[in-house]
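Undergrad: Structure, please.
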Amino acid sequence: MAIDVTALQASQEQHAEAIAHLQRAIELLAQQQALHAQALLHAIQGKWDAAQFGPESAEAVLVALNPALQGKVDAVPFEGRRQLEAVHA
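TA: Numbering: from 1, shown residues only. Model (predicted):
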């Protein structure tokens, strides 16, 4: 029984390319997940506005994740409990 070495090599190369592609996709997803976590942290800390907090703002991270949002994100400051109490009073 003859083994087609050329076909096996081609198959291995295709698998290696597929694995490399998957590894790049996983790395990109990990970077995006880290940016999402950073955006949430900045939002929790009240650091919304890029004009005020620069790259340490939720707005800056969101724009980094999606450059199409540049100039479209309008960060509204959160006043906390006082604002909520006024709305519900």
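
Undergrad: And stretch 38-55, what's buried?
TA: By 16 or more other C-beta atoms under 10 Å, the buried positions in stretch 38-55 come out as 38-39, 42-43, 47-50, 53. Where C-beta positions appear, they are placed from N, C-alpha and C, glycine not excepted.

Undergrad: Show me which pair in those is furthest apart.
TA: For the buried residues of stretch 38-55, the farthest-apart pair by C-beta to C-beta is 38 and 49; their separation is 15.5 Å.

Undergrad: Which secondary structure element of this structure has the lowest mean pLDDT?
TA: The helix or strand of the chain with the lowest confidence, counting by mean pLDDT, DSSP states H and E, is helix 81-88 at a mean of 57.

Undergrad: Could you measure from the one residue sitting closest to the centre of the chain over to residue 11?
TA: Per C-alpha atoms, centre = their mean, the C-alpha nearest to the average position across the chain is that of residue 32, at 2.7 Å. Distance from residue 32 to residue 11, counting by C-beta to C-beta, to the nearest Å: 32 Å.

Undergrad: got the contact list for the residue nearest to the centre of the chain?
TA: Residue 32 makes contacts with residue 65, as judged by C-beta atoms under 8 Å, 6 or more residues apart in numbering.

Undergrad: Which one of the buried residues of stretch 38-55 is nearest to residue 67?
TA: Nearest to residue 67 among the buried residues of stretch 38-55, counting by C-beta to C-beta, is residue 50 at 13.1 Å.

Undergrad: ok, back up a step: for the helix or strand where the residue nearest to the centre of the chain lies, which positions count as buried?
TA: Per DSSP states H and E, residue 32 falls inside helix 5-44. By 16+ other C-beta under 10 Å, the buried positions in helix 5-44 come out as 38-39, 42-43.

Undergrad: Out of those, flag the one nearest to residue 61.
TA: residue 39 (4.0 Å).

Undergrad: Leaving out chain neighbours, which residue sits closest to that closest one?
TA: Spatially, and ignoring its direct neighbours in sequence, residue 39 is nearest to residue 61 (4.0 Å; C-beta to C-beta, 6 or more residues apart in numbering).
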